[in-house]
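# I'd like to go over a predicted model; first the sequence, then the structure.
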Amino acid sequence: MPATAPITQDFITIPRKDGGEALPNLIGMTRVQLSKALADVGTPPKQIKMRLGQIWQWIYTKGVLDFDQMTSLSKDFRSLLAVNFQLARPEIVTRQISTDGTRKYLLRIAGGHEVEAVYIPETNRGTLCISSQIGCTLTCPFCHTGTQKLVRNLTTAEIVGQIMVARDDLDEWGKEPGAKRLVSNIVLMGMGEPLYNTDNVRDAMLIAMDDAGISLSRRRITLSTSGVVPEIVRAGAEIGCMLAISFHATTDIVRDKLVPINRKHKIAELLQACRDYPRLSNSERITFEYVMLKDVNDSDADARRLVRLIKGIPAKINLIPFNPWPGSPYERSSWERIEAFAEIVNNAGYASPVRTPRGEDIMAACGQLKSATERARKSRATIAKEIEGE
Ligand code: SAH
Ligand code: SF4
């Protein structure tokens, strides 16, 4: 597919009450919150369950953009909804399509902030990589997002909204339940640490998994964490999705540097949380992500230590060739090194697919996400400095 120029769209206009306060967004409310919201605007108690079911279906199986499209509701009820609520999604600012078909969306959310989501089409599935925070408080030195300060956590609506925007763009609403899905898998591997925003991530994933709506199976949702151990326990109990660990090093000395949260939760503690992570079937595995950094963590000894450390954990190892970004302090391991590392891991009985970098031409690959305005701001700052220096 040829690369196309980014599409720029207008700002979304968020409806406001007279006082200037934004109307509550029905998107992102849990079933309990939605029931309460309907009761608060005077929906008769006996009707709430039915109305909730209807509204849920319009929002999450039909993807309607405004209340007027909810044609199974009376006109009066639709007006009641319209004066009290909004249906707001993140707005697409730009959409870039890579030569390999990967789509990167730059999305604008309330406050004028920007966040990225990436759609990766494959033969047998389509994976949407979504963000959980704007920026990240953690500072893994190989990660571009880590160089951007945390601006704020995303709301539930902004997290589930990323899935909805991709479905809008791919024209995926209203399909038969058994039809092949374009967005068949979700990975929480975009910007931010999902387990520093566990409540909103949980609610958004419960909405995405709800049978009467988007209806994604828990097995098709993978949450990637750098290792927030206490929250891994909650994720297992309250979300139950698949888990990926950004492991990246086999000794505490190296991991303390590469994944600084390791200074708080050491490798042994992290691995215990992995051992305890609930599994509903024997085929479920924890993914250990391992970014291949030349001469830093890619030796044969590292591969052997890795295998020893995760012994007994049902696991697969995902080797990620480092994706460089402007100014990044590391280099990607050579393909021979990655292959040698993979062979040791394979020989120990672990599947170890090497993650093919996708969307490299549009900086959509793992760890490269960082909002364009942030980049623009930095480059303007650099320009200003240069001028100053003249
Ligand atoms: N904060 C979470 C999820 C987002 S990062 C986490 O750290 O797990 C998703 C994955 O991309 C993580 O495994 C992360 O370590 C990896 N990653 C970050 N920067 C990268 C880069 N430049 N090249 C390759 N992988 C990278
Ligand atoms: Fe944050 Fe994950 Fe990047 Fe580390 S790798 S800085 S935790 S987004």
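Great, that's in hand. Numbers count the residues shown, from 1 in each chain. Ligands and ions are numbered 1, 2, ... in the order given.

# list the contacts for the residue in the stretch 151-300 of the chain that ligand 2 sits nearest to?
Per Cβ to the nearest ligand atom, Ser226 is where the stretch 151-300 of the chain lies closest to ligand 2, at 3.8 Å. From N, CA and C alone the C-beta is placed, and that goes for glycine too. Residues near Ser226 by Cβ atoms under 8 Å, 6 or more residues apart in numbering: 138, 140, 193, 246, 259, 261.

# any weak-confidence spans in the stretch 51-200 of the chain?
Of all residues in the stretch 51-200 of the chain, none has pLDDT under 70.

# Okay, strands next: where are they in it?
Using DSSP state E, counting those that start in this stretch, the strands assigned to the stretch 51-200 of the chain run over residues 91-97, 103-109, 113-121, 126-129, 133-134, 152-153, 185-188.

# Adjacent strands (with direction) for the last one?
Which is strand 185-188. strand 126-129 (parallel), strand 221-225 (parallel) (DSSP bridges).

# Quick check: can you list the domain ranges of the chain?
By the assignment in automatic domain parsing, the chain contains the domains 1-88, 91-378.

# between the ones you listed, which gets nearest to ligand 1?
The minimum distance between ligand 1 and these falls on domain 91-378, with 1.7 Å, by Cβ to the nearest ligand atom.

# and that closest one with ligand 1, contact?
Yes - using Cβ under 6 Å from any ligand atom, domain 91-378 reaches ligand 1 at 140, 142-143, 189, 193, 224-226, 246, 289, 291, 320, 322-323, 366-367.

# The contacts of Ser226: which two are farthest apart?
Between any two of those, the greatest separation by Cβ to Cβ is 10.6 Å, found for Glu193 and Val259.

# Overlap in contacts, the two.
Counting by Cβ under 8 Å, 6+ apart, the shared contacts of Glu193 and Val259 are 138, 226.

# circling back: most packed of the domains of the chain?
Across the domains of the chain, averaging neighbours per residue (mean count of other Cβ atoms under 10 Å) puts domain 91-378 on top, at a mean of 19.

# Let me have the strands of the stretch 51-200 of the chain in CSV, adding distance to Arg219 as columns.
Shown next, in CSV, are the strands of the stretch 51-200 of the chain (distance: least, Cβ to Cβ, whole Å):
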stretch, distance to Arg219
strand 91-97, 28
strand 103-109, 24
strand 113-121, 18
strand 126-129, 13
strand 133-134, 25
strand 152-153, 26
strand 185-188, 9
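
# mind checking which of the ones you listed is nearest Leu206?
Closest to Leu206 of these is strand 185-188 (Cβ to Cβ; 12.5 Å).

# Say whether ligand 2 is contacted by that closest one.
No - taking Cβ under 6 Å from any ligand atom as the criterion, strand 185-188 and ligand 2 are apart, separated by no less than 10.2 Å.

# circling back to that earlier point, and which of the contacts of Ser226 is nearest to Gly63?
Glu193 (28.9 Å).

# related to what we said a few turns ago, reformat the strands paired with strand 185-188 as a markdown table; add distance to Leu150.
Shown next, in a markdown table, are the strands paired with strand 185-188 (distance: least, Cβ to Cβ, whole Å):
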| stretch | distance to Leu150 |
| --- | --- |
| strand 126-129 | 19 |
| strand 221-225 | 16 |
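
# what's the closest of those strands to Gln33?
When the strands paired with strand 185-188 are compared by Cβ to Cβ, strand 221-225 sits nearest Gln33, at 20.8 Å.

# what pLDDT does the residue of the stretch 151-300 of the chain closest to ligand 2 get?
Per-residue confidence at Ser226 stands at 98 (pLDDT).

# Can you measure across stretch 119-135, start residue to end residue?
This stretch, stretch 119-135, spans 19 Å end to end (Cα to Cα, to the nearest Å).

# Could you double-check that Ala340 sits in contact with Ala301?
No - proximity of Ala340 to Ala301 does not meet the contact threshold set by Cβ atoms under 8 Å, at 11.6 Å.

# Ramachandran coordinates for Arg31?
According to degrees, to the nearest 10, the main-chain angles of Arg31 amount to phi -60, psi -40.

# Please name the nearest non-neighbouring residue to it.
In this structure, Arg31 finds its nearest non-sequential neighbour in Leu52, 6.6 Å apart by Cβ to Cβ, 6 or more residues apart in numbering.

# how about the helices in the chain?
31-40, 48-57, 75-84, 156-169, 198-209, 229-238, 252-258, 267-276, 300-309, 335-347, 372-389 (DSSP state H).

# For the ones you listed, which has the smallest mean pLDDT value?
Lowest mean pLDDT of the helices of the chain: helix 372-389, a mean of 42.

# sorry, back to before: any idea how far the residue of the stretch 151-300 of the chain closest to ligand 2 is from Tyr277?
Distance check for Ser226 against Tyr277: by Cβ to Cβ, to the nearest Å, it reads 16 Å.

# Leu216 too?
Noted for Leu216: a distance of 20 Å to Tyr277, by Cβ to Cβ.

# same thing with Gly53?
Distance from Gly53 to Tyr277, counting by Cβ to Cβ: 33 Å.

# And Lys46, by the same measure?
Distance from Lys46 to Tyr277, by Cβ to Cβ: 42 Å.

# and what of Arg108?
The gap separating Arg108 from Tyr277 is 35 Å, by Cβ to Cβ.

# Which residue lies nearest the spatial centre of this structure?
By Cα atoms, centre = their mean, the chain has its centre lying nearest to Ile130, at 2.4 Å.
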